[in-house]
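**Student:** My questions are about this predicted structure, shown below with the sequence.
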Amino acid sequence: MLTLTTTKLRKVLVLATIIFLFGFKHPFYLGVTDLKFNAKEKVLQGSVKLFVNDLEAALKKVHNKTVDLINVKNKEEVNIILSEYLKKHLSLKINGKACTYKLIGFEKEEEALWMYVEFEKSEVPKKIDVENTLLYDHLKDQMNITHIEVNNSKKSLKAHNPEKILQFQF
């Protein structure tokens, strides 16, 4: 019969705990951009979803001050900050032409922040090039998934930091 002294048992438990903790990979960091072409209005519309704590930390680096996305005191100021961040880290070309967009608004849902965007009017997209570096300057393990729907055709691509260009053909 195997007997363990208290000291040996502690060593085994510590070793098992270390193996358990280091056996799991650090959680992954994920952003999701979901866009749909509205044929009636001839615009690409959608949302960008990022984790609040990651976005707050990235914005703090940029602005050298804390940006509280949980208890927003000045929604207009935060809207400007988020819009500037998005425009620096997310751009699109539709059919080879750079396309501008505006941040319509944002809302917090649990640990995530949803930002709603609308692009300028365009022809029906046949090709969309997305450059997405959201949170890349803050998280080396960031992964961004982009979903785009045009005329009921849905396509999805993902990019891991430092990959940043995604090309969609419709």
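**Tutor:** Noted; the coordinates are in hand.
**Student:** quick one, strands of this protein?
**Tutor:** Counting by DSSP state E, one finds strands in the chain at the ranges 29-38, 43-51, 90-94, 97-99, 101-109, 112-119, 127-132, 142-150, 153-160, 165-169.
**Student:** Identify the residues contacting K97.
**Tutor:** S122 (Cβ atoms under 8 Å, 6 or more residues apart in numbering). For glycine as for every other residue, the C-beta is placed from the backbone atoms N, C-alpha and C.
**Student:** again with L50
**Tutor:** Neighbours of L50 in contact, by Cβ under 8 Å, 6+ apart: 31, 112-113, 115, 134-135.
**Student:** partners of it in the sheet?
**Tutor:** Beta-bridge pairing of L50 under DSSP bridges involves L113.
**Student:** Could you check how far it is from A58?
**Tutor:** 9 Å (Cβ to Cβ, to the nearest Å).
**Student:** Run through the residues that contact K60.
**Tutor:** With Cβ under 8 Å, 6+ apart, K60 has these contacts: 66-67.
**Student:** let's see it at 10 Å
**Tutor:** Contact analysis of K60 by Cβ atoms under 10 Å, 6 or more residues apart in numbering lists 66-67, 138.
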